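below are the sequence and a predicted model; questions follow.
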Amino acid sequence: MVDPINQFDRSNDYKKDFPILKREIRPGVPIVYLDSAATSQKPESVIAAMEVYYRQLNANIHRGVHTLAEEATAAYEGARERITYFIGARDTRELIFTRNTTESINLVTQTWGRSTLKTGDLVILTEMEHHSNLVPWQMLAAEKGLRLEFIPVNDDGYLDLDVYQQLLKLEPKVVAFMHMSNVLGTINPAREIIRMAKNAGAITLLDAAQSIPHFTVDVNEVDADFIAFSAHKMLGPTGIGALWGKRTILENMPPFLGGGDMIKKVFLRSFSANDLPHKFEAGTPAIAEAIGFGAAVDYLVSAGMDRILQHEQRLVTYALEKLKRIHGLHVLGPDSVSAKGGVLSFTLEDIHPHDIAQILDSEGIAVRAGHHCAMPLHERFKITASTRASFYLYNDEEDIDHLIKGLEKVQQIFR
């Protein structure tokens, strides 16, 4: 069987491994991709791994005994094993494939939350949450009569842990929060927040969609009860993500969806659920996408997570220094590079972010404009929207120089 990851030279020049980055938006205008917080680009090895599945292995998994089915199953479960080890876990039964971080969090709220939480129980979230870790808890709160409280965000973009300490005295059942903000770039002190929650007797969920792609996250060190993340933000395909959970908790949770592969036995009037992780993976899964997910993890391991983090910190340092020179531009979130990931959201005078993004697009520069699925956080800072540039291992200083020139053009147009 072909191993696509070994077909490509591993060097510091990552850009060459990403076919889309060779594209020109129009003749002479290359693409400058600064929207990795929304979705990352895919290296050739990930694309090739998925192509190998469709060309050489295409079959359904787990039930078949023919050669194609057995090879496809081995590739699918092999991807699960590599992703499990990538996050420091050792039991592949604790890693459940989902569609994305959003579905992972909904799985927790609709199974563990619905079966465990009672009227009046307290759930602690934060003001900086992505809607994916806000709306599912709001839905459950409306159904079950739960209380929701929020750790505030201060003016510098950090969580107010003093208020958090006071909230913990109310004996919450759940503390759910994002590891890294997709708007502010703030890297929250996950281990400390989780330790405090456990001392208060709460179950913890970590939204790691923006952290696992960019620096090492070890589930044993973080010690959350649930960790949710998505493949498409870490060089993998869309349509697949993962939920890691502690086995003792997962085994006591009811199934999420009903159907094939999540069952052990089915009778006309009852069924018994399958063992982990299949208990939570009903129906034919995203097989090619799981294989692509595994190839993405291979690429990240080859690149080195420490090197990726250091590279992004250099880019943020460079970008912050350049952006400070633009009159009327205000960057949201921490100034400290050590507390900030590769995300820079900003406002520019009274120019609407959509206008900024559209002008930048005419120069081939892809950024995000809007509320970034964090409307309450924008309300906290008394703005309706912001422009966001986000970086990954395939970006460089030249990309930032293009961004600065593009922003100067924006100012010229609006003057």
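Structure's in. What do you need?

as a quick check, tell me the outermost residue of this protein.
Note on the chain: the largest C-alpha distance from the chain mean falls to residue 268, namely 39.9 Å (CA atoms, centre = their mean).

grab the nearest non-local neighbour of residue 129.
Among residues not flanking residue 129 along the chain, residue 178 sits closest, at 5.9 Å (CB to CB, 6 or more residues apart in numbering). C-beta here means a position set from N, CA and C on the backbone, and glycine is covered the same way.

so what's that neighbour up against?
When contacts are counted by CB atoms under 8 Å, 6 or more residues apart in numbering, residue 178 touches 126, 128, 129, 130, 133, 188, 206, 207, 209, 210.

show me which pair in the residues you listed is furthest apart.
Based on CB to CB, the longest span within the contacts of residue 178 runs between 126 and 209 and measures 14.4 Å.

tell me the domain boundaries of this structure?
When the chain is parsed with automatic domain parsing, its domains come out as 12-42+305-414, 50-301.

sketch out the low-pLDDT regions of the stretch 201-350 of the chain for me.
By pLDDT under 70, the stretch 201-350 of the chain contains no weakly predicted segment.

quick one, strands of the stretch 101-250 of the chain?
In the stretch 101-250 of the chain, the segments counted as strands under DSSP state E, counting those that start in this stretch are 122-126, 147-151, 174-178, 203-207, 226-230, 241-245.

now those strands in JSON lines, with distance to residue 376?
JSON lines is the format used below for the strands of the stretch 101-250 of the chain (distance: least, CB to CB, whole Å):
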{"stretch": "strand 122-126", "distance to residue 376": "10"}
{"stretch": "strand 147-151", "distance to residue 376": "8"}
{"stretch": "strand 174-178", "distance to residue 376": "13"}
{"stretch": "strand 203-207", "distance to residue 376": "15"}
{"stretch": "strand 226-230", "distance to residue 376": "19"}
{"stretch": "strand 241-245", "distance to residue 376": "23"}
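
can you say which of these is nearest to residue 316?
The nearest among the strands of the stretch 101-250 of the chain, by CB to CB, is strand 174-178 at 18.2 Å.

let me see the mean pLDDT of the closest one.
On average, the pLDDT along strand 174-178 is 98.

and what of stretch 134-153?
98.

hey, C-alpha coordinates of it in PDB?
Output of stretch 134-153 as PDB, limited to C-alpha atoms (Å, rounded to 0.1, in the frame of the first residue of the first chain):
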ATOM      1  CA  LEU A 134     -22.100  28.300  23.500                       C
ATOM      2  CA  VAL A 135     -25.300  27.400  21.600                       C
ATOM      3  CA  PRO A 136     -25.300  23.700  22.500                       C
ATOM      4  CA  TRP A 137     -25.200  24.500  26.200                       C
ATOM      5  CA  GLN A 138     -27.900  27.200  25.700                       C
ATOM      6  CA  MET A 139     -30.100  24.600  24.000                       C
ATOM      7  CA  LEU A 140     -29.600  22.100  26.800                       C
ATOM      8  CA  ALA A 141     -30.100  24.800  29.400                       C
ATOM      9  CA  ALA A 142     -33.500  25.700  27.800                       C
ATOM     10  CA  GLU A 143     -34.500  22.000  27.800                       C
ATOM     11  CA  LYS A 144     -33.300  21.100  31.300                       C
ATOM     12  CA  GLY A 145     -33.600  24.400  33.200                       C
ATOM     13  CA  LEU A 146     -29.800  24.800  33.700                       C
ATOM     14  CA  ARG A 147     -28.000  27.900  34.900                       C
ATOM     15  CA  LEU A 148     -25.300  29.400  32.700                       C
ATOM     16  CA  GLU A 149     -22.600  31.700  34.100                       C
ATOM     17  CA  PHE A 150     -19.600  33.200  32.300                       C
ATOM     18  CA  ILE A 151     -16.000  34.000  33.100                       C
ATOM     19  CA  PRO A 152     -15.500  37.600  32.000                       C
ATOM     20  CA  VAL A 153     -12.900  38.700  29.500                       C
END
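
how about residues contacting that stretch?
For stretch 134-153, the external contacting residues (CB under 8 Å, 6+ apart) are 102, 105-106, 108-110, 113-114, 117-128, 159-161, 163-164, 167, 170, 172, 174, 176-177, 184, 376-377, 380.

and if you look at stretch 355-363?
Here stretch 355-363 makes contact (CB under 8 Å, 6+ apart) with 25, 29, 32, 348, 366-369, 387, 402-403, 405-407, 409-410, 413-414.

strands - which of those land there?
25, 29, 32, 348, 366, 368, 369, 387 (DSSP state E).

how much space between the fourth one and residue 156?
According to CB to CB, to the nearest Å, residue 348 and residue 156 sit 20 Å apart.

okay, these two: which has more neighbours?
residue 348 (21 against 13; other CB atoms under 10 Å).

beta partners of that one?
Beta bridges link residue 348 to residue 329, residue 351, judged by DSSP bridges.

so it touches residue 323, yeah?
No. At 9.6 Å, residue 348 does not count as touching residue 323 under the criterion of CB atoms under 8 Å.

overlap in contacts of the two?
The contact sets of residue 348 and residue 323 overlap at 329, 407 (CB under 8 Å, 6+ apart).

ok, residue 408 - how many residues close by?
A count of nearby residues for residue 408, using other CB under 10 Å, gives 12.

quick one: the helices in the stretch 1-150 of the chain?
44-52, 67-86, 101-107, 114-116, 135-144 (DSSP state H, counting those that start in this stretch).

deepest-packed of these, please.
helix 101-107 (a mean of 25; mean count of other CB atoms under 10 Å).

got the contact list for the residue farthest from the centre of the chain?
Taking CB under 8 Å, 6+ apart as the definition, residue 268 has no contacts.

state the distance from it to residue 95.
From residue 268 across to residue 95, the span is 33 Å (CB to CB).

who wins for proximity to residue 202 among the helices of the stretch 1-150 of the chain?
helix 114-116 (11.8 Å).

beyond the helix or strand encompassing residue 297, next helix or strand please.
Per DSSP states H and E, residue 297 falls inside helix 287-303. Scanning forward in sequence from helix 287-303 by DSSP H and E, the next helix or strand is helix 305-323.

appreciated, that's everything.
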